[in-house]
Each structure stands twice: as structure tokens, then as C-alpha cells.
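Chemist: sequence-free structure coming up:
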């Protein structure tokens with residue numbers, strides 16, 4: 001038996017692996033790669049609740065689904081994105097994830113239809129015990145691991161968020177949330193109302209326009225919208241004379257730097273950035289439309305910017321296949337939506353692009369030595385772990401940049417932590433407040449971001465402190481200093497226990 005195979009606890013039928021990764025989306029597949037590369041002596045499995053890998057990019061099937069992050073940064077550092085379009089559609093991203101998992105053998109470690117229900121830490125055993133519903137067999141399963149890596153994302157796969165919209169139940173036609181898009185929906189020649197003004201709404205409107213009789217985006221308030229080409233001209237030029245992998249690395253660094261610079265400007269000079277964004281919108285739309293429908297009341301990146309590739313939304317608005325209505329909904333009627341000002345939006349189909357239903361750590365109930373963890377009562381350690389919770393890291397990407405950038409450096413932290421445990425002969429790593437930290441003034445886990453989906457989630461999340469390492473910067477340069485450059489043994493991450501007894505027990509049971 002090799003050291004990277006799972007073992008069975010003698011007489012119990014319970015399988016043990018060194019690392020359990022929960023979720024086989026972007027974060028989970030990246031975790032598999034980093035574990036294989038940097039911790040080849042550790043066994044791991046990836047438990048995925050659905051029937052396929054890909055997470056977001058397998059779940060969402062609505063028209064035009066795409067990323068609003070470029071694939072040079074949403075793609076992995078170890079796997080160049082080779083397609084021409086850097087703003088990619090959902091099926092292309094899913095194919096990229098499937099190719100990555102197959103190329104590196106990560107797919108051999110994924111177990112599907114495994115719904116993790118509870119995870120209980122035992123300090124005596126220095127292990128997590130997971131209760132899993134194996135939906136393939138209909139039977140409950142138990143597994144144990146030394147380390148638990150949560151890569152389940154931040155929203156519920158059970159359904160999206162739909163606010164209380166008066167009269168919605170009276171509508172005569174179909175009401176659809178994009179997270180549960182029906183394959184057989186025929187909207188050709190029908191009037192469609194899309195409620196919302198986020199990235200999903202701005203993707204749906206141009207994708208449905210032209211096929212539908214007309215599409216109306218009904219928004220409560222405006223959002224900043226920026227148009228960019230879906231093909232990076234610098235990438236195209238570099239690929240004409242450089243190897244694809246080298247071109248990818250160069251463009252990736254360029255895009256990271258540009259993203260950080262732009263976000264920094266929104267913090268330092270928000271009025272100037274806002275005016276530039278509005279000026280760009282005025283190049284595509286009449287001034288009065290920009291003023292009424294695309295001039296937000298908040299500053300840039302106080303909420304996420306919406307990207308429209310090649311100005312597709314603007315084109316739909318100017319050619320008359322789509323329109324925008326801004327205001328408060330009075331009520332939904334059998335034939336559409338009546339606004340507070342009396343305007344009626346006629347509709348045969350209503351799409352509620354109203355956001356996600358957010359959850360903390362993928363609906364898994366976690367406990368330590370019999371005590372249920374209330375994550376809202378914990379302190380965030382570097383935005384990836386939690387005070388007094390041993391041997392657990394969760395992957396959460398950026399709200400103001402590509403998810404994968406942070407997932408990558410989080411994976412690097414996990415493998416360094418695992419190797420430190422091995423090298424020091426210890427079994428447990430637990431972030432603990434120092435005496436001087438106990439007087440910290442708590443702050444929200446994410447600062448300075450007013451988007452509704454984050455605000456709804458904050459009560460479930462840990463507190464952020466006022467000093468390192470109890471911070472969640474949500475900025476790539478600051479995160480690299482905090483997560484990558486600092487040693488894992490920083491006086492706050494406490495290493496304890498001995499691995500010798502546990503290792504001997506594992507070796508003994510491996511031969512049973």
C-alpha cells in the first residue's frame with residue numbers, strides 16, 4: 001500500500017484519508033493539483049455533492065452564461081488558458097475545468113453525489129469525522145481525515161435568492177430564477193422582463209434579445225457598467241511570436257497588476273473613476289439614458305462592476321431589442337410588472353435575476369469536541385481559517401477580482417501548513433488569539449462593499465480584527481504579503497499534538 005492511499009480504521013469500516021476537500025469546482029480542482037504537487041505523500045479525496053465537477057460552471061445553464069473576469073486570472077496559474085476569448089462563456093470554462101482535472105489525474109480523486117452533512121473534530125484523535133449522505137447508494141457514510149479543506153463556495157446550490165416581490169404569485173406566465181433554468185423554456189417571440197441589474201441580468205438581456213419579442217431589464221437602482229473586448233489584444237499579439245504558456249504568464253501578470261491598480265484608484269479617487277466609467281458608457285448610449293439608468297448612487301467597486309463584452313448590452317439597448325426601466329416595483333400583475341410611477345412593463349416571462357442564497361461553508365454543520373461552531377463568533381485568520389477551529393481552511397475568492405487568484409494562494413498556504421505539520425511531527429494547527437488580540441475592535445469580514453448578496457451573508461461570517469493576522473484584505477498584493485510571505489508558524493497558528501501515535505495507528509490499520 002502506498003502512503004497516498006486511504007486506510008481503514010480497524011474494525012470500524014470507516015475510511016481515513018489525510019485530506020478531505022469538499023467541493024469540485026474551481027477551488028476544489030485547484031486544491032487537488034496543489035496537494036499532488038506539494039504534498040505527494042498525503043492521501044486526499046474530493047467530495048462533490050452534485051453529479052459533475054465544475055461547481056458554478058456546471059450548475060448555471062441560463063442563456064449567455066459567462067465569466068465577467070478574464071480567463072488569464074480566472075484560469076489557473078499552472079494551466080494556461082489557450083482559447084482566443086479571454087472573456088469566456090460557461091461551457092468553455094467547464095470544458096477547461098474538465099480538461100484540467102483529467103490532465104492531472106485529479107478526476108480520479110473525485111467522488112460524486114457525496115453530500116457532507118456534518119464534520120466533527122476530536123482533539124483526542126486529532127481528526128475530523130464526517131457524516132456523508134452517499135446519494136449514489138442512498139446510504140450514510142462516515143470518513144475521517146486529519147485536515148479538512150472547504151472548497152464549497154459561498155452560495156447555496158439548493159436555490160437562488162428571490163426577495164419578496166408583491167404579486168409575483170399572480171403572474172400568468174413562467175417565473176424563473178437563473179440558477180434553476182429549465183432546458184425546455186421557449187421564449188422566442190415572447191416579452192421577457194428580467195428583474196435585477198447585476199452581472200446575471202446584464203448577461204441575460206443581450207443573450208435573449210433578438211430571440212425574444214423584447215427584453216426589459218427592471219432594476220431598482222443603476223449599476224456601473226463597463227464594456228471591454230472579449231479578446232485581449234495584447235494576448236493575441238504576444239501569441240503571434242511567443243509560446244502560448246509564456247504569453248499566458250505575461251498577460252496574467254499584466255491583468256493582475258492592472259486590476260490592482262484600477263481597484264486602488266477606486267479607493268483613492270472614486271469621483272474621478274466614476275466619471276471615467278460614465279464617460280465610457282456615454283460613448284455607447286445617449287446621455288439621458290446613462291444619467292437615468294447607468295449612474296449609480298454609490299462609488300465604483302462599492303459594489304461589483306458589471307462587464308459587458310464587446311458592448312453587447314449597449315447594442316441591444318440602442319437597436320431596440322431591449323430596454324431598461326429603473327424604479328421600485330409596485331406589484332406584479334397577471335400580464336407583467338407595474339412600477340411605483342404607474343408604468344407597466346408588459347411581460348410573458350419573468351426572470352428573477354435577484355442574486356444568490358448565501359451560506360457559510362456549504363451547509364455543513366461543524367463542531368469541535370462536541371460544541372457546534374458558530375462562525376459569527378469566531379475571528380477570521382487571514383481570511384481563510386477561524387479562531388480556535390483546528391486543521392480547517394476554507395477557500396473564498398475575491399469580490400473585486402478573479403476568484404482563482406485567492407484560491408491559488410490559499411491552496412499554497414494549505415500545503416505549506418501540511419508540510420510543517422509533517423516536518424515538526426505535530427498533528428494539529430489551530431489559530432488562537434494572543435492575549436493582546438482579545439481587545440480588538442471587531443469589523444465585518446468584508447469591509448467597504450455594499451452589495452446585497454454580501455450584506456446578507458455577513459451575519460454568518462467571522463469577525464475581522466484590526467491587526468494581522470486577523471485580517472481579510474481582499475486585495476491580491478496585501479493577501480500575498482499576509483498569506484504567502486509570512487511563515488505558517490507565526491505565533492498565532494499554534495502547532496500541537498504528536499503525529500507519531502496517529503501515524504503508527506494508521507500504518508497498523510492499513511494492513512488489517
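Modeler: Structure's in. What do you need? For clarity, every value in this text was computed on a predicted model and none was experimentally measured.

Chemist: For stretch 352-369, measure first residue to last.
Modeler: 42 Å (CA to CA, to the nearest Å).

Chemist: List the buried residues of it.
Modeler: 352-362, 364, 366-368 (16 or more other CB atoms under 10 Å). To be clear about C-beta, it is placed using only N, CA and C from the backbone, and glycine gets the same treatment.

Chemist: again with stretch 103-117
Modeler: Applying 16+ other CB under 10 Å to stretch 103-117 flags 104, 106, 107, 109, 110, 111, 112, 113, 114, 115, 116 as buried.

Chemist: What average pLDDT does it get?
Modeler: Stretch 103-117 shows a mean pLDDT of 97.

Chemist: cool, stretch 253-268 as well?
Modeler: On average, stretch 253-268 scores 92.

Chemist: what does that stretch contact?
Modeler: With contact meaning CB atoms under 8 Å, 6 or more residues apart in numbering, stretch 253-268 is reached by 70, 72-73, 232, 234, 272-273, 299-301, 400-402, 405, 448, 475-477.

Chemist: What of stretch 106-120?
Modeler: Contact partners of stretch 106-120, identified using CB under 8 Å, 6+ apart, comprise 22, 24, 28-29, 32-33, 36, 44-53, 98, 100-101, 128-136, 141, 148, 362, 364-368, 370.

Chemist: Show me which of those are buried.
Modeler: Looks like the contacts of stretch 106-120 have 22, 24, 28-29, 32-33, 36, 44-50, 52-53, 98, 100-101, 128-133, 141, 148, 362, 364, 366-368 buried, using 16+ other CB under 10 Å.

Chemist: Which of these fall within strands?
Modeler: Among the buried ones among the contacts of stretch 106-120, DSSP state E puts 22, 44-47, 128-133, 141, 148, 366-368 in strands.

Chemist: Which one of those is nearest to residue 190?
Modeler: Distances from residue 190 to these, taken as CB to CB, are shortest for residue 133 (39.5 Å).

Chemist: Please determine how far the residue nearest the centre of the chain is located from residue 360.
Modeler: Residue closest to the mean C-alpha point of the chain, counted by CA atoms, centre = their mean, is residue 153 at 4.9 Å. Residue 153 is 11 Å from residue 360, where distance means CB to CB, to the nearest Å.

Chemist: same deal with residue 392?
Modeler: Remark: distance between residue 392 and residue 360 (CB to CB) = 13 Å.

Chemist: Please parse the chain into its domains.
Modeler: Listed by automatic domain parsing, the domain ranges of the chain are 8-157+358-510, 162-231+276-354.

Chemist: Now distance to residue 239 too, for those domains, in a markdown table please.
Modeler: What follows is those, written out as a markdown table (distance: least, CB to CB, whole Å):
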| stretch | distance to residue 239 |
| --- | --- |
| domain 8-157+358-510 | 9 |
| domain 162-231+276-354 | 11 |
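
Chemist: Ok, which of the ones you listed comes nearest residue 252?
Modeler: Closest approach to residue 252 among these is made by domain 8-157+358-510 (4.5 Å; CB to CB).

Chemist: now that closest one: how far from the chain's centre is it?
Modeler: Chain-centre distance of domain 8-157+358-510: 12 Å, with CA atoms, centre = their mean, to the nearest Å.

Chemist: For residue 431, list the residues it contacts.
Modeler: With contact taken as CB under 8 Å, 6+ apart, residue 431 is in contact with 379, 381, 385, 386, 387, 388, 389, 469, 492, 493, 494.

Chemist: Throw together a PyMOL command that grabs the buried residues out of those residues.
Modeler: With 16+ other CB under 10 Å as the burial test, the buried ones among the contacts of residue 431 are selected in PyMOL as follows:
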select buried, resi 379+381+385+386+387+388+389+469+492+493
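
Chemist: what would the contacts of residue 431 look like in TSV with secondary structure, pLDDT and distance to residue 194?
Modeler: Shown next, in TSV, are the contacts of residue 431 (DSSP: H, G, I helix; E, B strand; the rest coil; pLDDT from 0 to 100; distance: CB to CB, whole Å):
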residue	secondary structure	pLDDT	distance to residue 194
379	strand	96	40
381	strand	97	40
385	strand	97	39
386	strand	97	38
387	coil	98	42
388	coil	98	44
389	coil	98	40
469	coil	97	42
492	coil	98	47
493	strand	98	46
494	strand	98	50
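
Chemist: and residue 208, backbone torsions?
Modeler: Backbone torsions of residue 208, given as degrees, to the nearest 10, read phi -90, psi -30.

Chemist: Isn't residue 299 up against residue 275?
Modeler: No: using CB atoms under 8 Å, residue 299 makes no contact with residue 275, being 11.3 Å away.

Chemist: Between those two, which is the more surrounded one?
Modeler: A direct count of neighbours by other CB atoms under 10 Å for residue 299 and residue 275 places residue 299 higher, at 17 against 12.

Chemist: got the contact list for the more buried one?
Modeler: Residue 299 touches 266, 270, 271, 273, 274, counting by CB under 8 Å, 6+ apart.

Chemist: Name the residues of the helix or strand hosting the first one that come out as buried.
Modeler: Using DSSP states H and E, the element containing residue 266 is helix 244-268. Neighbour-count burial for helix 244-268 flags 247-249, 251-252, 254-256, 259-260, 262-263, 266 (criterion: 16+ other CB under 10 Å).

Chemist: Out of those residues, which is nearest to residue 172?
Modeler: Residue 172 has its nearest neighbour among the buried residues of helix 244-268 in residue 266, at 43.2 Å by CB to CB.

Chemist: how far does stretch 313-332 sit from the chain's center?
Modeler: Using CA atoms, centre = their mean, the offset of stretch 313-332 from its chain centre is 28 Å.

Chemist: mind listing the strands in the stretch 301-450 of the chain by residue range?
Modeler: Along the stretch 301-450 of the chain, counting by DSSP state E, counting those that start in this stretch, strands occupy 306-309, 322-326, 329-333, 336-339, 344-346, 349-352, 356-358, 365-368, 371-372, 380-381, 385-386, 392-394, 428-431.
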